[in-house]
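*Asks:* Next come a sequence and a model predicted from it.
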Amino acid sequence: MSLLEIKNLHASIEGIEILKGLNLTIEPGQVHSIMGPNGSGKSTLARIIAGEDVYSVTKGSILLNGKSLLDMDPEERAQEGIFLAFQYPVEIPGVSTKYFLRTAVNSIRAHRGLDELDAYGFLKLVKEKAAWVELDPALLDRPVNEGFSGGEKKRAEIFQMAMLEPTMCILDETDSGLDIDALRIVAAGVNQQRSPERGFLVITHYQRLLGYIVPDVVHVLLDGRIVRTGGKELALELEEKGYGWIEKEVAVGA
Amino acid sequence: MSNDSNTTLDQWAEQSDYKWGFVTDIDADTLPPGLNEDVIRIISRRKEEPEWLLKWRLGAFEKWKLMTEPEWAHWPDHDWRPLDYQAISYYSAPLRDEDRPQSLDEVDPKLLETYEKLGIPLAERAALAGVAVDAVFDSVSVATTFRDKLAESGVIFCSFSEAVKDYPELVKKYLGKVVSRTDNFFAALNAAVFTDGSFVYIPKGVRCPMELSTYFRINQMNTGQFERTLIVADEGAYVSYLEGCTAPQRDENQLHAAVVELVALEDAEIKYSTIQNWYPGDENGVGGIYNFVTKRGLCAGDRSHISWTQVETGSAITWKYPSCILKGDDSIGEFYSVALTNNYQQADTGTKMIHVGKRTRSNIVSKGISAGKGHNTYRGLVKILPGATEARNYTQCDSMLMGTDCGAHTFPVIEVENPTAQVEHEASTTKIGEDQIFYCNQRGISSEDAVSMIVNGFCREVFAELPMEFAVEAKALLAVSLENSVG
Ligand SMILES: Nc1ncnc2c1ncn2[C@@H]1O[C@H](COP(=O)(O)OP(=O)(O)O)[C@@H](O)[C@H]1O
Ligand SMILES: [Mg+2]
């Protein structure tokens, strides 16, 4: 069974169709990348998979391990194993990152039939996983994402991903705004989490990140549809030639 | 008694959205509605009061008749019926005075059952937590525990009516000295018709060996509640007092006009904590308590310290400004408040810090949370009088909005008459956004847990001031009060 299976997905916001019949299948252990120009619908796809209800799905299906996600609340999807590293992580004043994460970890554990982590077990896990992305543990006593630098926010997202042990990880432009050192650290944190069961969908604008997180499959998203699918060399080709040539080819083909 | 008499408590609890909205079926002894001198005489006679107290009441009543009910702000969507003071019954007792239980064993089991439902198994809780409980049921105290232990250290903790009988000199000395009997419309009404309340006296140098706690509960239909509390901490004494209340569900608006007076002498400290959870009305704004309370503390002696902490989640309308008069040099006044309004609730709350003595300090932390169509107002006064050299105040006033139909308003007034004073005011308004909720959801956290986590984070500085068990209760209460407020 595929890990994630999206079929003929149509979705709109405020009456405007953004996704126009999207198909995507990810097998366990695979890393897929979605590339595409600004406004092509990459974040929309990510947020729809995660269950944000401002979008309406008008047609199609999304299955995770054969289970339909569209009937589930976003928290249920998270508990089932969907994780989204946000393009713009949200600040939550007054709630410490540790407290937030402990609540999250335990609600997901409860769903999986596991006992609550006690304070000791939790802190041990925090220490281990924070090291993966070289995150200063002192940061975790601060409110969620509040006053974090751009790079710290992105690292914190990958750290949260490590803490929650999802099966399907979606990274929305995790590379944007990172300098080369931070990019390397974040990529290492992601690679640490690759496993035969886990799938990744890496959304990016540039090929740069894919030099560190090497994808099995690369898709090009254009105006709400996947118009090209290839191997990692497709990313290099896009880097070289931009999106213009694909746009032209699609226009000719249509 | 209403026609609910044969409805069982369980049915009540089930039928009701308001988790703690059940009515206890107890033999009532209630005066017919109406207010005149005779009613006041009857109350005073029932309570076997001395002549001076009756005179004091009648004096207040004379003034009250000349006063007019203050007007409150009419926020959008709110349509409150004016109060009819002649439609209120001013006295009710669960039992006739001579039949009143002398110990917990004699207390009506149904009343105890009610406490159980509230999560306050009186005897057990008192024993476990080491808290002395002066339970006020309707207008008459029915149980006071731990009296002996307190007596050992010389602490007096009893109902107001007992204090009038047993400690008339103390009562006479302090009654109305902080909140005069004609202070305001509702304080005057209270002075005229108050039926009971609590009295605390901590003698010189005594640290009260336990937290003192009172549970209030409105029960009788149409019965205004006029509690009166007086706490005196003599030189060097310390006491922490907890007040918490829940009320049964009903349709009419009920008036609750309590008066609390605190007096701290030299080097004394009083901590007064409240959880206010009177019935707030239903989701359409029908019913609910009008909670018009006058609370004031006098830091009479040098280096005295009074601290108010409140968590206000109930009532249809709350008007409440627990205040401190900082008369003694180097005295300290504090006010920590969380007020939450949901549906059609209105809370207008804040404090007055009156700096009289030298180097007096005050600290104000106010957190207002508005949801539904609720309105939350912070109204505060910081007044530095000419003699208050080097006085200092810090005020922090934060509002949180949930949704777009609610409102937050702040009216801070600062009057400084001494140039050496330092006054700081900070304010903020935040919104719980859909994006924050979605972010939490994406991490496996339900919307309700997310809201309660965000709200508790917002309130943490205030909760930190509450005694431990009270803080736990307060968090639970906020969560319950916000149920269904996120969609
Ligand atoms: N909340 C919204 N309201 C209206 N239009 C939106 C909203 N969110 C996204 N869009 C539109 O949907 C399209 C796709 O946006 P997005 O998924 O963010 O693209 P990408 O992530 O590929 O840059 C854009 O045209 C954008 O303007
Ligand atoms: Mg995007």
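*Replies:* Ah, there it is. Ligands and ions are numbered 1, 2, ... in the order given.
*Asks:* Each with direction, which strands does whatever helix or strand B:Phe335 lives in pair with?
*Replies:* Element membership of B:Phe335, judged by DSSP states H and E, is strand B:332-341. Using DSSP bridges, the strands paired with strand B:332-341 in its sheet are strand B:305-312 (parallel), strand B:361-370 (parallel).
*Asks:* and after that strand, which helix or strand comes next?
*Replies:* Downstream of strand B:332-341 (by DSSP H and E), the next one is strand B:346-349.
*Asks:* residue ranges with poor pLDDT in the chain?
*Replies:* Chain wasn't specified; assuming chain A. Low-confidence segments of chain A, defined by pLDDT under 70: A:253-254.
*Asks:* try again with chain B
*Replies:* Where chain B drops to pLDDT under 70, the residues are B:1-29, B:72-81, B:92-148, B:214-224, B:245-253, B:484-487.
*Asks:* longest helix of it?
*Replies:* Assignment by DSSP state H gives helix B:51-66 as the longest helix of chain B.
*Asks:* What are the contacting residues of that helix?
*Replies:* For helix B:51-66, the external contacting residues (C-beta atoms under 8 Å, 6 or more residues apart in numbering or on different chains) are B:37, B:40-41, B:43-44, B:164, B:172, B:175-176, B:181-182, B:185, B:188-189, B:191-193. C-beta here means a position set from N, CA and C on the backbone, and glycine is covered the same way.
*Asks:* What residues of that helix count as buried?
*Replies:* Neighbour-count burial for helix B:51-66, with 16 or more other C-beta atoms under 10 Å in any protein chain shown as criterion, is recorded at B:53-54, B:56-61, B:63-64.
*Asks:* Can you show me the CA trace of whichever strand or helix holds A:Val202 as CSV?
*Replies:* According to DSSP H and E, A:Val202 maps onto strand A:199-204. Extracted in CSV, the C-alpha atoms of strand A:199-204 (Å, rounded to 0.1, in the frame of the first residue of the first chain):
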residue,chain,number,x,y,z
GLY,A,199,7.9,9.5,3.5
PHE,A,200,8.9,13.0,2.7
LEU,A,201,7.4,15.7,0.5
VAL,A,202,10.0,18.5,0.2
ILE,A,203,8.5,21.7,-1.2
THR,A,204,11.1,24.1,-2.5
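*Asks:* chain center to that strand: distance?
*Replies:* Distance, stretch centre to chain centre, for strand A:199-204: 6 Å (C-alpha atoms, centre = their mean, to the nearest Å).
*Asks:* Does it reach chain B?
*Replies:* No: using C-beta under 8 Å from any C-beta of the partner chain, strand A:199-204 never reaches chain B; the gap is at least 14.4 Å.
*Asks:* Next secondary structure after that strand?
*Replies:* Once the chain leaves strand A:199-204, the next helix or strand it forms, by DSSP H and E, is strand A:217-222.
*Asks:* which residues are contacting the strand holding A:Val202?
*Replies:* The contact list for strand A:199-204 (C-beta under 8 Å, 6+ apart) reads A:3-4, A:24, A:26-35, A:42-43, A:45-46, A:49, A:87, A:167-175, A:190, A:194, A:209-210, A:213, A:215.
*Asks:* Report the buried members of the residues you listed.
*Replies:* Counted by 16+ other C-beta under 10 Å, the contacts of strand A:199-204 give A:3-4, A:24, A:26, A:28, A:30-35, A:42-43, A:45-46, A:49, A:87, A:167-175, A:190, A:209-210, A:213, A:215 as buried.
*Asks:* residue boundaries of the strands in chain A?
*Replies:* A:4-13, A:16-26, A:31-35, A:56-64, A:67-68, A:82-85, A:92-96, A:143-144, A:168-172, A:199-204, A:217-222, A:225-230 (DSSP state E).
*Asks:* buried residues in the longest one?
*Replies:* Residues A:17-19, A:22, A:24, A:26 are the ones in strand A:16-26 that count as buried (16+ other C-beta under 10 Å).
*Asks:* ok, residues contacting that strand?
*Replies:* Applying C-beta under 8 Å, 6+ apart, the contact partners of strand A:16-26 are A:2-12, A:32, A:41, A:44-45, A:48, A:55, A:58-60, A:168, A:199, A:201, A:219, A:221, A:223-226.
*Asks:* sorry, back to before: could I get the CA-only coordinates of the longest helix of chain B as CSV?
*Replies:* Taking C-alpha atoms only, helix B:51-66 is exported to CSV below (Å, rounded to 0.1, in the frame of the first residue of the first chain):
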residue,chain,number,x,y,z
GLU,B,51,-29.4,48.3,68.7
TRP,B,52,-26.4,50.1,67.2
LEU,B,53,-26.2,47.8,64.3
LEU,B,54,-29.9,48.2,63.5
LYS,B,55,-29.3,52.0,63.6
TRP,B,56,-26.3,51.6,61.3
ARG,B,57,-28.4,49.7,58.8
LEU,B,58,-31.3,52.1,58.9
GLY,B,59,-28.9,55.0,58.4
ALA,B,60,-27.5,53.3,55.3
PHE,B,61,-31.0,52.7,54.1
GLU,B,62,-32.0,56.4,54.5
LYS,B,63,-29.0,57.4,52.3
TRP,B,64,-29.6,54.6,49.8
LYS,B,65,-33.1,55.8,49.1
LEU,B,66,-31.6,59.1,48.0
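*Asks:* ok, how many other residues are close to the residue lying closest to A:Ser96 once chain neighbours are set aside?
*Replies:* Closest residue to A:Ser96 apart from its sequence neighbours, by C-beta to C-beta, 6 or more residues apart in numbering or on different chains: A:Asp141 at 5.7 Å. As a burial measure, A:Asp141 scores 10 neighbours (other C-beta atoms under 10 Å in any protein chain shown).
*Asks:* before we move on, the earlier item: so the strand holding A:Val202 versus strand A:31-35, what angle?
*Replies:* 20 degrees (axes from the mean of the first three to the mean of the last three C-alpha atoms, to 10 degrees).
*Asks:* Strand A:199-204 pairs with which strands?
*Replies:* If you go by DSSP bridges, strand A:199-204 pairs up with strand A:31-35 (parallel), strand A:168-172 (parallel).
*Asks:* quick one: B:Cys324 and ligand 1, what's the gap?
*Replies:* Note on B:Cys324: its distance to ligand 1, by C-beta to the nearest ligand atom, to the nearest Å, is 49 Å.
*Asks:* Check for me that that residue belongs to a strand.
*Replies:* Yes: applying DSSP: H, G, I helix; E, B strand; the rest coil, one finds B:Cys324 inside a strand.
*Asks:* ok so, going back, within reach of ligand 2, which of the buried residues of helix B:51-66 are there?
*Replies:* Taking C-beta under 5 Å from the ion as the test, ligand 2 is in contact with none of these.
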